[in-house]
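Student: need a 3D model of the sequence below.
(2 chains)
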Amino acid sequence: MPAEAMIKKDYYGVLILMVIAIVLSLGVNHFSSSGIALIGQWDGEKGVVTAKSKQDTVDSEIEINNPLRVRQMISNREVVVLDVRSKDAYDAGHLPGAFSFPLAEFDAVFPRLLDLVKKESAILVYCSGIDCSDSHTFAGQLLAFKFTQVRVYAGGFREWQEMGFEIEKNEE
Amino acid sequence: MKNNKQGWRTWIHWLIRITLGLTFIWASLHKIVNPGEFARIIYGYGVFPGIGINVIAIVLPYVEFLAGTCLITGILPRSSLLIINGLLAAFIFLIGFNLFRGHAFDCGCFSISETPGTASAWSLLVRDLLLLLAGGYLWTQFKRPGNTLKNI
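Tutor: Numbering: from 1, shown residues only, chains lettered A, B, ... in the order given. Below is the predicted model of the structure:
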């Protein structure tokens, strides 16, 4: 086969494979339970970023996307602050007065949470940052257990740190 | 003697095809199962516009899977190798670009939660460079006169 015809065949082949991949992927994504929207929320200014999947836990309605407001709430002791990152991350640095309730250990730590707060207490949950949805997952589980005042700090620990606000550490 | 050399060469070609093909198939599986997390990883690279992230997260894993499968099975092998080499070149550029500007990111290559960091990014870069080297070599063999799918 002449080289030119071979190259043409290669490019047609690429085109065919790409078309099959696009049709197949969009079809599966549409019907899959883990499928995502064609356009997600990737603007950090608007809150926690999310692909908007069918199993999405992110609820922008409960977010607080203002670090100054969060600092005010903490200094006024208006909220119980929950850090849902790992214990190691918490020990390395956390928001003042925050309690460690790692999402990965939700079932184990939940009874301790019931001792700490009432279902009508104002609770503020945070995780590592704008690209972390663990705080929303945790908040969603609290709401499912009929907690009534659960909010999420969208910027999380990273934003708090970048703002230069006070950080507490657990020294060994 | 010549036949022996040709035999070895054929074995090496098959080894590269299977390695590249399986690597791409394996890399695509967790992304296909969890496109939401893969989209978050793409966001973490910090180079793609928000409007395109989800579409990339949906389509790219299937491109990887199809290209890997076709390279192994011999359906449109040259085209699938072109795609694989193109993707490897793109990955190398992205990883290199982020290393250059000191941007920590999660590769998301073989699992959803690989640790971001400079050391792992360098190992990724080396891994992708080696794969591209192998893919480039295979491409030169595909182009050799007289080489067909049967003897490669």
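
Student: just give me the neighbour total for A:Leu143.
Tutor: 14 (other C-beta atoms under 10 Å in any protein chain shown). For every residue, glycine as well, the C-beta is placed using N, CA and C.

Student: ditto for B:Val33
Tutor: B:Val33, neighbours per other C-beta under 10 Å, totals 13.

Student: again with the one 10 residues further on
Tutor: A total of 23 residues lie near B:Tyr43 under the criterion other C-beta under 10 Å.

Student: tell me what the helix or strand it falls within is packed against?
Tutor: For B:Tyr43, the host element (DSSP states H and E) is helix B:35-45. For helix B:35-45, the packing partners by 3 or more C-beta pairs under 8 Å, 6 or more residues apart in numbering or on different chains; DSSP states H and E come out as helix B:50-73.

Student: in the helix it packs on, which residues are buried?
Tutor: Of the residues in helix B:50-73, B:53-55, B:57-72 count as buried by neighbour count, 16 or more other C-beta atoms under 10 Å in any protein chain shown.

Student: okay, helices next: where are they in chain B?
Tutor: With DSSP state H as the criterion, chain B has helices at B:2-33, B:35-45, B:50-73, B:77-100, B:118-143.

Student: which helices and strands does the first one pack with?
Tutor: Helix B:2-33 makes packing contacts with helix B:50-73, helix B:77-100, helix B:118-143 when contacts are defined by 3+ C-beta pairs under 8 Å, 6+ apart.

Student: redo that, cut-off 6 Å
Tutor: Packing contacts for helix B:2-33, counted by 3 or more C-beta pairs under 6 Å, 6 or more residues apart in numbering or on different chains; DSSP states H and E, involve helix B:50-73, helix B:118-143.

Student: with the last one instead?
Tutor: Helices and strands touching helix B:118-143, as assessed by 3+ C-beta pairs under 6 Å, 6+ apart, comprise helix B:2-33, helix B:77-100.

Student: what's the angle from the last one to helix B:50-73?
Tutor: For helix B:77-100 against helix B:50-73, the angle by axes from the mean of the first three to the mean of the last three C-alpha atoms, to 10 degrees is 140 degrees.

Student: ok now helix B:77-100, how far from the chain's centre?
Tutor: Remark: helix B:77-100 is offset 6 Å from the chain centroid, using C-alpha atoms, centre = their mean, to the nearest Å.

Student: try stretch A:68-81
Tutor: With C-alpha atoms, centre = their mean, you get 20 Å for stretch A:68-81.

Student: and the contacts of that stretch?
Tutor: Outside stretch A:68-81, the residues within contact range by C-beta atoms under 6 Å, 6 or more residues apart in numbering or on different chains are A:Ile64, A:Leu95, A:Pro96, A:Gly97, A:Ala98, A:Val117, A:Ser121, A:Ala122, A:Ile123, A:Leu124, A:Tyr153, A:Phe165.
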